[in-house]
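everything below, folded, please.
(one chain, ligands or ions: 1)
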Amino acid sequence: MVWIKKDLLGLEELTKEEIEFILTTAESFKEVTTREIKKVPALRGKTVVNLFYEPSTRTRVSFEVAAKRLSADVINIAPETSSVRKGETLIDTGRNIEALKADIIVVRHNASGAASMLARHLSISVVNAGDGWHEHPTQALLDIFTLKEKLGKIEGLNVVIVGDISHSRVARSNIRGLTKLGAKVIVCAPEILIPPAIEEMGVEVTDDIDEALKDADAVNVLRMQFERDEEAAFPEKLEYFRNFGITPERLKKAKKNIIVMHPGPINRGIEMSSEVADGINSVILEQVTNGIAVRMAVLFLVAQAQDKLAVRG
Ligand code: CP
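Okay, the predicted model is just below:
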């Protein structure tokens, strides 16, 4: 396959073949990350700007490590120490970064559609590192990469996504990616955290976590995003943990080798117990490690597409 997309904005606009191509590219970059010198010259001379309007540990550091392993120069912009504080718009900030001759902007923003809007106004590449409740494509790609690495395939798997589906860009990107690759997805949450018409995305819906876990090959446990809407009627934390929290007792009734995932950061004792988070079924830190290879693949592919577009004029 020849990759021709200069941006990665979401899994909605990718075909099954394109998702598989990113995963295959990530496999070869994973090999690079195991070498003594974990660096290749693929993006030498390119500049990657991390523009994060929301807090992040995993995604921002992972993109920085990925870019550096590809030999790119990396600049991190935090809105609190930039001209965003003086009222500069996202598009003006993006245009100025373009004028400074950066090649790729990795953007995280609390507004759904922010990455797409930026991409429409710029000719350099834009990679979505999470936009509002809309998509978090590289998180879903690293989740799917980890599942495939652990279970050998995606097609035919039963994957449960439990938690705050309404506010979750991770859930939306995972649903889009997993269903395109042929997995069966069940979303599980109290009714208040299930968005309307979610079934139209090709998933089953339940509020019974024990039933959902019975045939599950993997459970992806979402974070309760208490910071997103203080007024929202989130379930009471202990009640949520009692009814939906992933515990060793619940896992005993599931498949022995069920994979437990979480995008992080974890609210221990609310979404899952510490025994599960740190237990033998958990691949949470492996997800983080795999994020580097997946993001190397994404940065490499969008930069390649950018170069091809430049040649075509
Ligand atoms: N999974 C994820 O997006 O984590 P961060 O918010 O730390 O980047």
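
and residue 210, what element?
Assigned by DSSP states H and E, residue 210 falls within helix 209-213.

what helices and strands are in contact with that helix?
On a contact count with 3 or more CB pairs under 8 Å, 6 or more residues apart in numbering; DSSP states H and E, helix 209-213 meets strand 158-162, strand 184-188, helix 248-252. C-beta coordinates here come from the backbone N, C-alpha and C atoms, glycine included.

mind doing that once more with 10 Å?
Counting contacts by 3 or more CB pairs under 10 Å, 6 or more residues apart in numbering; DSSP states H and E, helix 209-213 is packed against strand 158-162, strand 184-188, strand 204-206, strand 218-221, helix 237-244, helix 248-252.

run the chain-centre distance for the longest one.
Using CA atoms, centre = their mean, to the nearest Å, we find the averaged C-alpha position of helix 237-244 to lie 25 Å away from the chain's own average C-alpha position.

other residues contacting that helix?
162-164, 188-190, 193, 207-210, 212, 221, 224, 226, 234-236, 245, 247, 250, 267-273 (CB atoms under 10 Å, 6 or more residues apart in numbering).

quick check: buried residues in it?
240, 241, 244 (16 or more other CB atoms under 10 Å).

same list (those) but as a markdown table, adding distance to the ligand and pLDDT.
A markdown table is the format used below for these (distance: CB to the nearest ligand atom, whole Å; pLDDT from 0 to 100):
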| residue | distance to the ligand | pLDDT |
| --- | --- | --- |
| 240 | 20 | 92 |
| 241 | 21 | 95 |
| 244 | 19 | 97 |
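
possible to save those as TSV with distance to residue 121?
Formatted as TSV, these follow (distance: CB to CB, whole Å):
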residue	distance to residue 121
240	40
241	44
244	41
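
which of these sits closest to residue 256?
residue 244 (21.5 Å; CB to CB).

ok, residue 175 to residue 136 distance?
12 Å (CB to CB, to the nearest Å).

which one of these two is surrounded by more residues?
residue 136 (27 against 24; other CB atoms under 10 Å).

quick check, that one in contact with residue 54.
No. Using CB atoms under 10 Å, residue 136 is not in contact with residue 54; the gap is 11.0 Å.

pull up the overlap in contacts between those two.
By CB under 10 Å, 6+ apart, the residues touching both residue 136 and residue 54 are 108, 129, 130.

which among those residues gets closest to the ligand?
Nearest to the ligand among those, counting by CB to the nearest ligand atom, is residue 130 at 5.7 Å.

just checking, that closest one touches residue 225?
No. Assessed by CB under 10 Å, residue 130 is found out of contact with residue 225, at 11.4 Å.

how about the residues of the stretch 151-300 of the chain by the ligand?
Within the stretch 151-300 of the chain, the positions adjacent to the ligand are 263, 264, 265 by CB under 6 Å from any ligand atom.

what do you get if the cut-off is 8 Å, keeping everything else the same?
170, 263, 264, 265 (CB under 8 Å from any ligand atom).

of those residues, which is the nearest to the ligand?
residue 263 (3.8 Å).

go ahead and confirm the closest one touches residue 164.
No. Using CB under 10 Å, residue 263 is not in contact with residue 164, being 11.3 Å away.

what is the neighbour count of residue 119?
Residue 119: 21 neighbours (other CB under 10 Å).

show me which residues of the strand or helix carrying it are buried.
Element membership for residue 119, per DSSP H and E: helix 114-121. Using 16+ other CB under 10 Å as the test for burial, helix 114-121 gives 114, 115, 116, 117, 118, 119.

now the two most distant members of those.
114 and 119 (9.8 Å).

tell me, what's touching the two both at once?
In contact with both residue 114 and residue 119: 9, 94, 107, 126, 128, using CB under 10 Å, 6+ apart.

how far does the longest helix along the chain sit from the chain's center?
The longest helix of the chain (DSSP state H) is helix 284-312. Chain-centre distance of helix 284-312: 13 Å, with CA atoms, centre = their mean.

against residue 162, how distant is residue 170?
In terms of CB to CB, residue 170 sits 12 Å off from residue 162.

strands of the stretch 51-200 of the chain, start to end?
Taking DSSP state E, counting those that start in this stretch, the strands of the stretch 51-200 of the chain run over residues 73-77, 104-109, 125-131, 158-162, 184-188.
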